[in-house]
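Trainee: Show me the folded form of this:
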Amino acid sequence: MNAEILTKARKIKLIITDIDGVWTDGKIYYSADGELSKGFSYYDGMAVHLLRQAGIQTAIITGEDSPIVAQRAKKLKIEECHLGIHNKLSVFEEILERHKLSPEDVAYIGDDVNDYAPMQVAGLTAAPVNTPAFSQLKPHILLTRRGGEGAFREFADLILLARNWENALP
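Mentor: Down below sits the predicted model:
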């Protein structure tokens, strides 16, 4: 990790994350009744727990209005869960205002063009290695993991490591 990324990572107090393509592999399984399932990595769930232990909160902003995502957020006790959002920057700014944070205090992980606006503002940004929009998003960090395979965990671990947080293990 280079010095600039370390400096940015040490300031992080909140990570805002997209879901589809970051926490999932980007696939949605439908039945005749609508959305049926999504697969989530346990690694990403553990990341939320580890971040919380370090005093870093997690928020979700996703374009999908998904009851499955709402359930995952509830299980992980993520209070800031915003579903069906088309203007992610507006919600990003509302979250910062509510928590009295500056953009430098916030990390954002996204994977596609609808994440562009908040990724231009956040203090530290990342995208999974399989993002189809790397050249548009220009994240600070291109992760080595794919969406749905622990990409969020990798980003969280980088931030925790930068903060020299040693209590990640039980």
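Trainee: if I look at the residue lying farthest from the centre of the chain, how far off is residue 10?
Mentor: Centroid-distance maximum for the chain: residue 32 at 30.0 Å, with Cα atoms, centre = their mean. Separation of residue 32 from residue 10 (Cβ to Cβ, to the nearest Å) stands at 50 Å. The C-beta positions use only the backbone N, C-alpha and C, and glycine is treated the same way.
Trainee: thinking again about what came up before, show the contacting residues for the residue farthest from the centre of the chain.
Mentor: By Cβ atoms under 8 Å, 6 or more residues apart in numbering, residue 32 lies in contact with nothing.
Trainee: same deal with residue 55?
Mentor: residue 13.
Trainee: Which stretches in the chain count as helices?
Mentor: For the chain, helices defined by DSSP state H occupy the ranges 3-10, 42-53, 67-75, 88-99, 116-121, 134-137, 151-162.
Trainee: buried set for the third one?
Mentor: Meaning helix 67-75. 68, 69, 72, 73 (16 or more other Cβ atoms under 10 Å).
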